[in-house]
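**Student:** can't give you the sequence, but here's the structure:
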């Protein structure tokens, strides 16, 4: 089972390896899903995405990490379904529990909540435009920010990651904050 594989990998590897691998998997599915969703999304999909962002804002104001995580996952689920391809939502289904656990850990950090909301707003704006390239780029920026936030606030490493047309660049981050 996936849970057993994850437990074994967590014991064998360095801190953050499993989380990093999960982000890699998310990149493969979610960047392409955003690109396809830009072409196939409906008005109702856009309304659902906006409602998820509103729920995230409410959760942040009321300090409800559980609600924030639920709204975050719902946002991404809408994009998966908005692709119009019945297979795409099922490609990510096995990661459900892992996503809840990972997002609960990261979403408890206020700075990560702020970053996630900003990224989701940019993705919604891109999807609203109907531009597949812009939507893909917005989701890729979100995945970059997610990985950077994991490194900065959860794993407390010294590097941040940026992607420039497929090239990974790591740079020193001397202004990082200690893990809360």
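**Tutor:** Nice, thanks for sending it over. No experiment lies behind these values; they were computed from the predicted model shown. Numbers count the residues shown, from 1 in each chain.

**Student:** and residue 68, what element?
**Tutor:** helix 65-82 (DSSP states H and E).

**Student:** next, count neighbours for residue 119.
**Tutor:** By the measure other CB atoms under 10 Å, the count of residues near residue 119 is 20. Glycine gets a C-beta too; all of them are placed from N, C-alpha and C.

**Student:** mind checking pLDDT for the residue lying closest to residue 119 once chain neighbours are set aside?
**Tutor:** Closest residue to residue 119 apart from its sequence neighbours, by CB to CB, 6 or more residues apart in numbering: residue 142 at 3.9 Å. Looking at residue 142, its pLDDT stands at 97.

**Student:** surely residue 142 is in contact with residue 124?
**Tutor:** No - assessed by CB atoms under 8 Å, residue 142 is found out of contact with residue 124, at 11.0 Å.

**Student:** rewinding a little: what is the neighbour count of the residue nearest to residue 119?
**Tutor:** Residue 142: 23 neighbours (other CB under 10 Å).

**Student:** helices or strands up against the helix or strand hosting it?
**Tutor:** For residue 142, the element it lies in under DSSP H and E is helix 132-149. Judged by 3 or more CB pairs under 8 Å, 6 or more residues apart in numbering; DSSP states H and E, helix 132-149 is in contact with helix 17-40, helix 110-129, strand 159-164.

**Student:** of all the ones you listed, which one is nearest residue 100?
**Tutor:** Across the helices and strands packed on helix 132-149, residue 100 has its closest neighbour in helix 17-40 (11.6 Å, CB to CB).

**Student:** appreciated, that's everything.
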